Every structure is written in C-alpha cells, then in structure tokens.
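Undergrad: Here is the input, now give the coordinates:
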Amino acid sequence: MCLKIKNWILTLCVVGIISLISNWIGYRVMPLNALPGILSLMGIAILGLILRDIVPFNIPSIAYIGLIGLVLTIPVVPGSSYIVAWTEKVDLLSLATPVVAYAGISIGNSWTDFAKLGWKTVIVGIVVLLSTYIGSALVAEVVLRIQGIV
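TA: Predicted structure coming up:
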C-alpha cells in the first residue's frame, strides 16, 4: 500500500508540474498563484485513491475523488471558499493536457499488448478515436455558430 501511495504521489507531482507550466503558458496564470489549487486537487485525488483501496465496496476511485471534491466545495463546509478560490486559478485544459499525454504514453508502452487483441480491436479503436474527434468538432462548430462566434 505504501509503495502504491508513493507512485500515486510521484505521478501526481509530474502531472501537477506539467499542469502548472501549461496553465502559465496557455492561460497566463503564474505558477505560484495556481500552486494552491494544484495541491488541493492533488490532495483530493490522493484521498480518493486511498479510499478506493480502503473501502470494501468495488467503487472506482473517480467516484470517491468526485465525491470528496463535491463535499469539500459545499459552501457550509469550513474552508470551502479557499478551495474554490484556489482551484478557480487552474484551467481545466491545463489539467487535461498532462493527463492525456500520460494516457498516450501508457498506451504507447503497451502497443504490443494492444495489438495482441487482434486487428479488429485496432480498427475499432481507430474508429472510436476518429468518431470522438469528429463528433467533438461538430458539436463545437454548432455551438460556436449558435453563439455567433464563427
């Protein structure tokens, strides 16, 4: 359990550093201003991952992470205003960038395992990725046209 927690912390530190840099470059938020928000998000993530291993129910860690984040930002919870103020300085896309990059590296390290699943799985994966991309682009186009931005 202790080794797992160390690995989680190390991974979250790498993601946090990349998020701080992308938040700074992309959204002009100085890393020291965004650091409390990144640290709070990292703490929430660690708590959710630990709860997944401690609680005897088979619930994914993302559910625990979401629930902890929700509870900690309820206005009547002491300190919630701080967490909200800190995390407002962290843009969602600056968090998504390292997470997607990490997922890509993980998939890249196991292409041989992925290929062992068969050529049909590879085709389905490609179709799913392309469909997601095209679908997202179409939704963005429609929304931007409705708003008169494009």
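
Undergrad: Only C-alpha atoms from now on, for both contacts and neighbour counts.
TA: Noted.

Undergrad: Pull the residues that contact stretch 18-29.
TA: Contacts of stretch 18-29 with the rest of the structure, by CA atoms under 8 Å, 6 or more residues apart in numbering, involve Met30, Pro31, Ala34, Leu35, Ile38, Lys89, Val90, Asp91, Ser94, Leu95, Thr97, Pro98.

Undergrad: Confidence-wise, which of those residues comes last?
TA: Lowest in pLDDT among the contacts of stretch 18-29 is Thr97, which has 73.

Undergrad: Spatially nearest residue to that residue (excluding sequence neighbours)?
TA: Of all residues not flanking Thr97 in the chain, Ser19 sits nearest, at 7.3 Å (CA to CA, 6 or more residues apart in numbering).

Undergrad: Number of residues surrounding the one you found?
TA: Using other CA atoms under 10 Å, the number of residues around Ser19 comes to 26.

Undergrad: Quick one: name whatever helix or strand follows the helix or strand that contains it.
TA: Counting by DSSP states H and E, the element that carries Ser19 is helix 2-27. Downstream of helix 2-27, the next assigned helix or strand under DSSP H and E is helix 31-54.

Undergrad: and that following helix, how far from the chain's centre?
TA: 11 Å (CA atoms, centre = their mean, to the nearest Å).

Undergrad: could I get the next helix or strand after it in CSV with only the CA atoms?
TA: Heading C-terminal from helix 31-54, the first helix or strand you meet, by DSSP H and E, is helix 61-72. Coordinates of the C-alpha atoms in helix 61-72 are reproduced here as CSV (Å, rounded to 0.1, in the frame of the first residue of the first chain):
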residue,chain,number,x,y,z
SER,A,61,-11.6,5.9,-7.5
ILE,A,62,-13.0,8.6,-9.7
ALA,A,63,-16.3,8.3,-7.8
TYR,A,64,-14.5,8.9,-4.5
ILE,A,65,-12.5,11.8,-6.0
GLY,A,66,-15.6,13.5,-7.3
LEU,A,67,-17.5,12.9,-4.0
ILE,A,68,-14.6,14.4,-1.9
GLY,A,69,-14.3,17.3,-4.3
LEU,A,70,-18.1,17.9,-4.1
VAL,A,71,-18.2,17.7,-0.3
LEU,A,72,-15.2,19.9,0.2
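
Undergrad: now the angle from helix 61-72 to helix 31-54?
TA: Orientation check (axes from the mean of the first three to the mean of the last three CA atoms, to 10 degrees): helix 61-72 against helix 31-54 gives 120 degrees.

Undergrad: Thanks again, I'm all set now.
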